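Participant: From the sequence below, what's the structure:
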Amino acid sequence: TAKSYFDKAADSFETGKNKEGLEYLDKAIAINPNYTDAWLQKGVIAFAAKQYEEALVCFYKVTTLDSDSIAACAWYYAGIIHHGAGRFIQAIECYDKILSIEPDYVGAWLQKGIACEALGRNDEALKLFEKVLASNAIDNGIATQAQKHIEKIKGVSAVGSMLDNVFDKAFVGLKLFYRDTKLPTELISNYQVMQIITERGITDMTHKEGGLTGNLRYVIATSNAKDLSIFEFTPDDGNFGLAVLRPGAFFKVLDIYKIGDNTQILLLEFPKVAAKIFKMMITTLEKDIIESVRNSFDKNVNAEPLPELQSSDWLERTKNPLGMSDDGRFFDLE
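Facilitator: Reported below is the predicted structural model:
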């Protein structure tokens, strides 16, 4: 039966046999083309594998079969995919669909507000962010994001100066993320302290530290990471703790620290408009970050790597250098 194949798929996913699980889902759908749960699960697996267009097909199928909470979940995934691809109008349409089903879905208010802001519809965005803050059903993370976007739109800063605003964007809510890889020595030696670089693609990284899985560790200090760990589906390897930065992120090389054959490169992510400012100066806070990160590297350089960060999927995600091509040419900053 379709249900038995769906149950077999769940067992396969739990043991890390994703290919087998997808085959069982396809069999369940072949028997029952309107099997909502099977379509949703297939979409989630495709989303986790970064097969976004395939995931969209599944999520849209779910919305034709259900009009309640399952549909709201599918619309949310679809909105996130459109949002990540820069299709903000389509993303807003998805968030509106959610709100037509669950009018008090706070996450949809927030995401719609961010999409409106990206389109320059700031008045509409402000109303949504203020609605988020007025809700009694929000967590601190959502509230913080809403407040941050309100301040960004209104240009609020400590003293109202452009410099303070730039530093707020770079340092307020700053967190450390990690990305290990293995690179030839000649590529690593291309990096220089105080250098400004930009990454063309999405920057995959993790909030998990542990021992090194290569000869190079990027430590990325940023306040703009998008936490995607809640969308991960990796029961065989454990949760990657995945976070990402959008394509076109700018970084300053704060520090290059070597211990034996291993290197740690500390990158500070900052707004593109502040490139000249960050290239000319180093703040006290940056110095404090360097000291803290070096101490952490001293402790972890000989530690055992975390098992989930040794999986083939994660190593594939993080194999490329940041800010340069595979042959060592830095990307154009313009």
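Participant: shaky segments in this structure?
Facilitator: Residues of the chain that meet the criterion pLDDT under 70 lie in 136-140, 155-172, 231-238, 277, 280-283.
Participant: Please name the residues that touch residue 98.
Facilitator: Contact analysis of residue 98 by C-beta atoms under 8 Å, 6 or more residues apart in numbering lists 72, 75, 76, 79, 105, 108. For every residue, glycine as well, the C-beta is placed using N, CA and C.
Participant: scratch that, residue 326 is what I was asking about
Facilitator: residue 320 are the contacts of residue 326 under C-beta under 8 Å, 6+ apart.
Participant: Would you agree it falls within a helix?
Facilitator: No. Going by DSSP: H, G, I helix; E, B strand; the rest coil, the assignment for residue 326 is coil, not a helix.
Participant: Dihedrals phi and psi, it?
Facilitator: With angles defined as degrees, to the nearest 10, residue 326 sits at phi -70, psi -20.
Participant: Tell me where the stretch 101-250 of the chain has strands.
Facilitator: Shown for the stretch 101-250 of the chain, the strands assigned by DSSP state E, counting those that start in this stretch span residues 175-181, 196-199, 203-206, 216-222, 226-227, 242-245, 249-259.
Participant: In JSON lines, list the ones you listed along with mean neighbour count and distance to residue 22.
Facilitator: Putting the strands of the stretch 101-250 of the chain into JSON lines (neighbours: other C-beta atoms under 10 Å; distance: least, C-beta to C-beta, whole Å) gives the following:
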{"stretch": "strand 175-181", "mean neighbour count": "21", "distance to residue 22": "28"}
{"stretch": "strand 196-199", "mean neighbour count": "20", "distance to residue 22": "31"}
{"stretch": "strand 203-206", "mean neighbour count": "23", "distance to residue 22": "23"}
{"stretch": "strand 216-222", "mean neighbour count": "24", "distance to residue 22": "32"}
{"stretch": "strand 226-227", "mean neighbour count": "13", "distance to residue 22": "26"}
{"stretch": "strand 242-245", "mean neighbour count": "22", "distance to residue 22": "21"}
{"stretch": "strand 249-259", "mean neighbour count": "19", "distance to residue 22": "32"}
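Participant: how about the ones you listed in a markdown table, adding distance to residue 265?
Facilitator: Below are those laid out as a markdown table (distance: least, C-beta to C-beta, whole Å):
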| stretch | distance to residue 265 |
| --- | --- |
| strand 175-181 | 10 |
| strand 196-199 | 10 |
| strand 203-206 | 13 |
| strand 216-222 | 5 |
| strand 226-227 | 22 |
| strand 242-245 | 15 |
| strand 249-259 | 5 |
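Participant: So which of these is nearest residue 17?
Facilitator: With C-beta to C-beta as the measure, strand 242-245 is the member of the strands of the stretch 101-250 of the chain nearest residue 17 (21.1 Å).
Participant: quick one: strands adjacent to the closest one?
Facilitator: Strand 242-245 sits in its sheet next to strand 203-206 (antiparallel), strand 226-227 (antiparallel), going by DSSP bridges.
Participant: which residues sit against it?
Facilitator: With C-beta under 8 Å, 6+ apart, strand 242-245 has contacts from 177, 199, 202-207, 220, 222, 224-229, 231-232, 269.
Participant: 10 Å - rerun?
Facilitator: Residues outside strand 242-245 that contact it (C-beta atoms under 10 Å, 6 or more residues apart in numbering): 48, 84, 175, 177-179, 199, 201-208, 220, 222, 224-232, 234, 251, 269, 314, 317, 322.
Participant: Name the stretch from the strands of the stretch 101-250 of the chain that approaches residue 130 most closely.
Facilitator: strand 226-227 (22.2 Å).
Participant: picking up where we left off before, between the strands of the stretch 101-250 of the chain, which gets nearest to residue 301?
Facilitator: In terms of C-beta to C-beta, the element of those nearest to residue 301 is strand 249-259, at 5.0 Å.
Participant: Reformat the strands paired with strand 242-245 as JSON lines; add distance to residue 330.
Facilitator: JSON lines is the format used below for these (distance: least, C-beta to C-beta, whole Å):
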{"stretch": "strand 203-206", "distance to residue 330": "15"}
{"stretch": "strand 226-227", "distance to residue 330": "25"}
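Participant: closest one to residue 285 among the ones you listed?
Facilitator: Of all the strands paired with strand 242-245, the one in closest proximity to residue 285, counting by C-beta to C-beta, is strand 203-206 (20.5 Å).
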